[in-house]
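1. test case, fold it:
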Amino acid sequence: MKHIYILTISAILLISFSSTKAQHSLSIHFTTAIPTGDFRNFDNAEGFGGNIEFFFISPSQKKPFGMGISLSYFAQGLFFFEDPYTGESVLSNNRANNFINTHIVFQIEPPSGHIKPYFETLFGGSYIFSYSEMLTPDYVPVDLYIDDWAWSYGIGTGIKILVSEDDGYGQGSVFIDLKARYLRGTEVSYLDRNSIRYANDSFYYTLNKSNTEMFTLQLGAVVYF
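-> Numbering: from 1, shown residues only. Sure, this is the predicted structure:
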């Protein structure tokens, strides 16, 4: 599945670079991910990260639909834990479930206006990994790395608000973008806060298995060029 995923993304990137005559846009967002469904039963911690999207065919006055590629990363489950040797609380960002997502995005929105609501669908894949590391009393690092792949798909809706002087989709137009998405992935193996422990200089763990479901809230800006 990983090889098919890589080939699909490579094909999309080749198409994007060959679409030189179409209207392009680039957006950057701050992302918050909220687990839902069975996935929330194992780990209900919110995830935080960022998202960048490039539309090689952007919605315009001539064509109110677009197609692009979305790349995102967020880490779920950041929390404090007590070091078993010092008794001190330290930030354990290495025990999080980290998501790297790549999606093809299809978007449709009104052809004109300073405020543009839109609807979108997504299809792609997710790479999920967790990494934990601690030092033994002899300062020897002991680590644990867990990863998996999943297909991912979803729907989204949002609103763009024009903030530049250019009216519409002209070159240099800038929009504030606020969106919400529902994403669902195929079954993967992952950790949660209770499935890993460290004792006798070793990690002991069990894996959870479920589909990954989540809502994401994103705030950012879109630039047309």
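2. now the helix or strand hosting Arg197 - C-alpha only, PDB.
-> Using DSSP states H and E, Arg197 sits in strand 196-199. Coordinates of each C-alpha in strand 196-199 appear next as PDB, following Å, rounded to 0.1, in the frame of the first residue of the first chain:
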ATOM      1  CA  ILE A 196       3.300   2.000  27.100                       C
ATOM      2  CA  ARG A 197       5.300   1.900  30.300                       C
ATOM      3  CA  TYR A 198       9.000   2.000  31.100                       C
ATOM      4  CA  ALA A 199      10.600  -0.300  33.700                       C
END
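3. next structured bit after the helix or strand of the chain with the lowest mean pLDDT?
-> Lowest mean confidence among the helices and strands of the chain (mean pLDDT, DSSP states H and E): strand 89-92, at a mean of 49. Using DSSP H and E, the helix or strand that follows strand 89-92 in sequence is strand 97-108.
4. who does that next one touch, helix- and strand-wise?
-> helix 2-18, strand 47-57, strand 65-76, strand 115-135, strand 141-162 (3 or more C-beta pairs under 8 Å, 6 or more residues apart in numbering; DSSP states H and E). No exception for glycine: its C-beta is placed from N, CA and C like everyone else's.
5. rerun that using 10 Å as the cut-off
-> Applying 3 or more C-beta pairs under 10 Å, 6 or more residues apart in numbering; DSSP states H and E, we find strand 97-108 packed against helix 2-18, strand 25-35, strand 47-57, strand 65-76, strand 115-135, strand 141-162, strand 174-190, strand 208-224.
6. so the residue lying farthest from the centre of the chain: helix, strand or coil?
-> The C-alpha centroid of the chain is most remote from Asp138, which lies 38.0 Å away (C-alpha atoms, centre = their mean). Per DSSP: H, G, I helix; E, B strand; the rest coil, the local secondary structure of Asp138 is coil.
7. confidence score at it?
-> Asp138 is assigned 73 on the pLDDT scale.
8. returning to that earlier point: right, and the helix or strand after the strand holding Arg197?
-> Heading C-terminal from strand 196-199 (DSSP H and E), you reach strand 202-205.
9. quick one: strands adjacent to that following strand?
-> strand 196-199 (antiparallel) (DSSP bridges).
10. mean confidence score for the strand it pairs with?
-> Rounded mean pLDDT across strand 196-199 is 74.
11. got a list of what Ser202 touches?
-> By C-beta atoms under 10 Å, 6 or more residues apart in numbering, the contact set of Ser202 is 134, 136, 142, 144.
12. tell me the spacing between it and Leu144.
-> 9 Å (C-beta to C-beta, to the nearest Å).
13. what do these two both touch?
-> Met134.
14. state the number of residues packed around Asp148.
-> 19 (other C-beta atoms under 10 Å).
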